[in-house]
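Trainee: Here's my sequence, what's the structure:
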Amino acid sequence: MERDAASGGDSVKSFTLELRLFFAERATWVLLVLFAVVLVYGLANGAAAGRTARDSAELVEKDTFQWATQVRDALERQALDPRQVAGRPTSALLPPAPMPALAVGQADLLPAHEQVSLWRLEKPSEGRSELENPSRLLAGRFDLAFVLVWLLPLFLLAAAYDLCAGDREAGTLRMVLAQGVSPRVWIARRAFARGAPVLLIAVLSVLVAGQIGGAEGVGARTGFAVLIVIAYGAFWLALAALVNGYARSAAAAATALGSIWVLFVLVVPTLLNVVVESLHPSPSRAELVAEARAAAAVAEKRGQELVSSFYRDHPELAPVGMQGDMMSRMLAVQDEVGRAMDPVKQRFESAILAQQEVVDRWRFASPAIAMHEALTDLAGTGYWRHRAFRVQVETFKDQLHAYYSPKFHKRAPLTKADLPNFPKFEFIEESSAAWRSRVLAGLAGIVALAIAAAVVAAARLSPRKLAA
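Mentor: Residues are numbered from 1 along each chain as shown. Predicted coordinates:
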């Protein structure tokens, strides 16, 4: 036991010495300060995007509340024509993300609210109403997730690229090995001493992101984010140890690690994107708009015929003595256009879903992809939450149409008794088990990659191979 205690004390002293040597270099402080600055900048951008989303949501909620109040007050006085209520768009709102400061994700590409009315096709093309720079949307925002996925590996490698390659180049590696030091323990200790300060700053930034505009119950998401950051950092430190087992000089190690970073962070994600687009090309928005216009033109020509056909199929809805008016014709045209557009929209959604499934299946080809998918999932700005919103909006459109359309055609007045039955949109968040399973799968994949790299590095870092 005394020997074990002495060994443990020596390990602590050695680790402390490695830390002191690491912090004795001026470049270390420059590196850590620069990393802290980019993290703060990423946090600020993410927090700003989160505030913008919250402000927009508050405006939508305020407008919805004011309209509901006006309708309630009007119904207190008299009955209303359904056209006065059904014709005004109702806002379907996606609540702000649980951890907006962690990752902007798809929040700057996909709308967080949609206007839904009895006219099921308000416009040929649905999307963001505000103008955005296409180059900015393509590159994405410089948020915390961007720093953690793309820049954290660079800072880790800058701190730990020379674990033993420099000693081999200087001829001092044999002297170190001659002292009976286990090269695996020695290099692991050096890697941990150099990587721990960088990872600590990264973890602190994640903890801060969990507190900035975070929703209730965000603690579990923050905890998962911390684990993923640590696992991701461990993977890159294991790679640094592996490369140092082969590199003959510090410059060679830095070059090799830089090339690996380019491969995993830039090349593989780009190739996967090309493969995904090739396997499941999505219909263009131009095609969607063109088909909507064509369907609208045909439906307009057949407007009166559509109205007559509708009342033949639903005679109980036909107003007494009315053969059809402009509003009924418009509603019939909209229904026809909506039916014509359904196959195109379905093809578009199916292609996007297939693309995401391919990404989920092959995300472990690069830990950067797995890391980004997990962070956006935890932030609540990923694909699956937005998809759930779109699905629920489509369901709400059908509910709205099913409720108001019969009243519209029959000119049945709305009364105070109808108030509790008015369709209202309430977004239902997916169960915690759903996002946890995806995040845990990503975490397990990154951990497996880190262990694989560490095992290969340990096999290489034997005294005989290192001395060769």
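Trainee: next SSE after the helix or strand hosting Asp360?
Mentor: Counting by DSSP states H and E, the element that carries Asp360 is helix 326-362. Once helix 326-362 ends, the next helix or strand along the chain (criterion: DSSP H and E) is helix 367-379.
Trainee: any idea how far that following helix is from the chain center?
Mentor: Distance, stretch centre to chain centre, for helix 367-379: 7 Å (C-alpha atoms, centre = their mean, to the nearest Å).
Trainee: And that helix, what does it pack against?
Mentor: The contact analysis (3 or more C-beta pairs under 8 Å, 6 or more residues apart in numbering; DSSP states H and E) places helix 367-379 against helix 144-146, helix 219-244, helix 268-279, helix 326-362, helix 383-410, helix 432-460. For glycine as for every other residue, the C-beta is placed from the backbone atoms N, C-alpha and C.
Trainee: Confidence-wise, which of those is weakest overall?
Mentor: Mean pLDDT is lowest for helix 326-362 out of the helices and strands packed on helix 367-379, coming in at a mean of 73.
Trainee: Export the helices and strands packed on helix 367-379 to a markdown table and append columns for distance to Ala68 and mean neighbour count.
Mentor: Formatted as a markdown table, those follow (distance: least, C-beta to C-beta, whole Å; neighbours: other C-beta atoms under 10 Å):
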| stretch | distance to Ala68 | mean neighbour count |
| --- | --- | --- |
| helix 144-146 | 37 | 27 |
| helix 219-244 | 32 | 23 |
| helix 268-279 | 43 | 14 |
| helix 326-362 | 23 | 17 |
| helix 383-410 | 14 | 18 |
| helix 432-460 | 31 | 17 |
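Trainee: quick one: low-confidence ranges for the stretch 151-300 of the chain?
Mentor: Scanning the stretch 151-300 of the chain for pLDDT under 70 picks out the ranges 177, 180, 213-216, 283-289, 291-293, 295-300.
Trainee: closest to Pro111 out of the helices and strands packed on helix 367-379?
Mentor: When the helices and strands packed on helix 367-379 are compared for distance to Pro111 using C-beta to C-beta, the nearest one is helix 383-410, at 9.0 Å.
Trainee: Quick one: distance of the closest one to the chain centre.
Mentor: 25 Å.
Trainee: try stretch 23-37
Mentor: Using C-alpha atoms, centre = their mean, the offset of stretch 23-37 from its chain centre is 30 Å.
Trainee: same question, stretch 145-155
Mentor: That offset, for stretch 145-155, works out to 16 Å (C-alpha atoms, centre = their mean).
Trainee: what about Pro111, which SS state?
Mentor: coil (DSSP: H, G, I helix; E, B strand; the rest coil).
Trainee: ok, now how distant is it from Pro420?
Mentor: 29 Å (C-beta to C-beta, to the nearest Å).
Trainee: Repeat that for Arg83.
Mentor: 21 Å.
Trainee: Ala368 now?
Mentor: 50 Å.
Trainee: Settle it for me: which of these two has more neighbours?
Mentor: Neighbour count, other C-beta atoms under 10 Å: between Ala368 and Pro420, Ala368 has more, with 23 against 7.
Trainee: Contact partners for that one?
Mentor: Contact analysis of Ala368 by C-beta atoms under 8 Å, 6 or more residues apart in numbering lists 149-150, 153, 264-265, 268-269.
Trainee: out of those, which are inside helices?
Mentor: Among the contacts of Ala368, the members falling in helices (DSSP state H) are 153, 268-269.
Trainee: now the residues you listed in TSV, with distance to Gly258?
Mentor: As requested, the ones in helices among the contacts of Ala368 are exported to TSV (distance: C-beta to C-beta, whole Å):
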residue	distance to Gly258
Pro153	10
Val268	15
Pro269	17
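Trainee: and Asp162, what element?
Mentor: Using DSSP H and E, Asp162 falls outside every helix and strand.
Trainee: ok, it touching Ala253?
Mentor: Yes. Asp162 lies in contact with Ala253 (C-beta atoms under 8 Å); the separation is 6.1 Å.
Trainee: any common contacting residues for those two?
Mentor: With C-beta under 8 Å, 6+ apart as the test, Asp162 and Ala253 both reach Asn244.
Trainee: Among these two, which residue is more densely surrounded?
Mentor: Ala253 (26 against 21).
Trainee: nearest residue to Ile260 other than its sequence neighbours?
Mentor: Closest residue in space to Ile260, ignoring its immediate chain neighbours: Leu239 at 6.1 Å, by C-beta to C-beta, 6 or more residues apart in numbering.
Trainee: For the one you found, give me its contacts.
Mentor: 257, 260, 453, 457.
Trainee: what's the distance between it and Ile187?
Mentor: Leu239 is 12 Å from Ile187, by C-beta to C-beta.
Trainee: now do Thr415
Mentor: 79 Å.
Trainee: out of those two, which sits in the busier spot?
Mentor: Ile187 (23 against 11).
Trainee: Glu114 belongs to a strand, doesn't it?
Mentor: Yes. Judged by three-state DSSP, Glu114 forms part of a strand.
Trainee: May I have the beta-bridge partners of it?
Mentor: Judged by DSSP bridges, the bridge partners of Glu114 are Ala92.
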